[in-house]
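Asks: Provided below are the primary sequence and the corresponding predicted coordinates.
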Amino acid sequence: MANLDFGTRGALLPVSPATDGRIARQDGRPQRTPPLMRKYEVASLLPDLSIRRTHHVAPATSLFTATSSAFAHGALINTVAGPVPVEDLLPGDYLDVQDADPAAILWIGSTLLAPNMPEVDGALSRLVRIMPDTFGLARPMHNLLLGPGARVLQPQQGGGGSVLVDIRGRVDGTSVIEVTPPSPVRLYHIATRRHAIIEADGIAVETYHPGRNTTDRLGFNTRSLYLSMFPHIRELSDFGPLIYPRTDAEDDLDAA
């Protein structure tokens, strides 16, 4: 299988180091600086089953970084052919899906985590390491590195089914540890036809979904830029419903 790692340079486009989005003009009045931008790489499955690869430059905001930051390079994803490193997956490969038939990968997004690079919220400067057996025997079997875009399926406190939890909310400093890698690491996310639960080294993790109301208030230009990253869909509604609710997004708690 081909490697989707597009290199380790040029993750972020340099801008002014100002952190409040403003710089002083010569007349002393502040003016807004351009937003920090990030490079994203996309591989998508077209209707004729060919694979389209595109590069995108988009804001380094949570909306866009979440598209490509769930699994670190080396994470083992369960496919119908067995565990495969995320960087070796291709659109068209079939994944084992919890409580459903295998699902084809339609889209893979990736971006680069580069330590000590400026970020809008600092989220892409750190990873979360889950130690072996943290969530049960062989869950995970090995050290598993997840990015800030990962949500794991967990039993809801007090019963009442399962919910998707931002992995950063499970950091305890012992078994689930936040780490800053010493060198650049490529991160990935995966989308199937519908929101689904897949396994990464024994851990149940969701496929990419923007959330029910995340994109409702986007301006026309931002919406168009966002949609351009997903050639396999035409409208935001094509993502379909969430299969489980998310604890970190109040407007998603009534998910289908």
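Replies: In hand now; what should we look at? Numbers count the residues shown, from 1 in each chain.
Asks: list phi and psi for S50.
Replies: phi -80, psi 160 (degrees, to the nearest 10).
Asks: OK, contacts around it?
Replies: Residues in contact with S50 (C-beta atoms under 8 Å, 6 or more residues apart in numbering): none are found. (C-beta placed from N, C-alpha, C; glycine too.)
Asks: what pLDDT does it get?
Replies: pLDDT recorded at S50 is 95.
Asks: could you do R234 as well?
Replies: In this model, R234 carries a pLDDT of 89.
Asks: can you check Y188 too?
Replies: 98.
Asks: next: the one 4 residues further on.
Replies: What the model reports as pLDDT for T192 is 97.
Asks: report the beta-bridge partners for the nearest residue to it once chain neighbours are set aside.
Replies: The spatially closest residue to T192, leaving aside those adjacent along the chain, is A103, at 4.1 Å (C-beta to C-beta, 6 or more residues apart in numbering). Applying DSSP bridges to A103 gives these bridge partners: L95.
Asks: so what's A103 up against?
Replies: Y94, L95, V97, T192, R193, R194, A196, T207.
Asks: rerun at 10 Å
Replies: The contact partners of A103, by C-beta atoms under 10 Å, 6 or more residues apart in numbering, come to 80, 93-97, 190-194, 196, 198, 207.
Asks: same thing with E235?
Replies: Contacts of E235 by C-beta under 10 Å, 6+ apart are L227.
Asks: check the gap between it and Y226 for me.
Replies: Going from E235 to Y226 by C-beta to C-beta, to the nearest Å gives 12 Å.
Asks: next one: T54
Replies: The value you get for T54 to Y226, if C-beta to C-beta is used, is 14 Å.
Asks: those two - which one has more neighbours?
Replies: Relative neighbour count places Y226 above the other of T54 and Y226, with 20 against 12, counting by other C-beta atoms under 10 Å.
Asks: centre of the chain to stretch 39-53, how far?
Replies: Relative to the mean C-alpha coordinate of its chain, stretch 39-53 is positioned 17 Å out (C-alpha atoms, centre = their mean, to the nearest Å).
Asks: may I see the buried residues of it?
Replies: By neighbour count on 16 or more other C-beta atoms under 10 Å, the buried set for stretch 39-53 is K39, Y40, E41, V42, A43, S44, L45.
Asks: now do stretch 93-108
Replies: Result for stretch 93-108 [16+ other C-beta under 10 Å]: buried residues D93, L95, D96, V97, Q98, A103, I105, L106, W107, I108.
Asks: in the stretch 101-250 of the chain, which spans are helices?
Replies: 220-228 (DSSP state H, counting those that start in this stretch).
Asks: other SSEs contacting whichever strand or helix holds V42?
Replies: In this structure, V42 sits in strand 37-45 according to DSSP states H and E. Packing partners of strand 37-45 (3 or more C-beta pairs under 10 Å, 6 or more residues apart in numbering; DSSP states H and E): strand 12-13, strand 51-59, helix 62-65, strand 103-113, strand 185-192.
Asks: worst average pLDDT in those?
Replies: strand 12-13 (a mean of 52).
Asks: which parts of the stretch 101-250 of the chain are strands?
Replies: 103-113, 127-130, 144-146, 151-155, 162-166, 176-179, 185-192, 197-200, 203-206 (DSSP state E, counting those that start in this stretch).
Asks: gap between the shortest one and the chain center?
Replies: If I follow you right, that is strand 144-146. The answer for strand 144-146 is 12 Å, by C-alpha atoms, centre = their mean.
Asks: do the fourth one as well
Replies: Using C-alpha atoms, centre = their mean, we find the averaged C-alpha position of strand 151-155 to lie 15 Å away from the chain's own average C-alpha position.
Asks: so which elements touch it?
Replies: Using 3+ C-beta pairs under 10 Å, 6+ apart as the test, strand 151-155 ends up in contact with strand 162-166, strand 197-200, strand 203-206.
Asks: out of those strands, nearest to R151?
Replies: strand 162-166 (4.1 Å; C-beta to C-beta).
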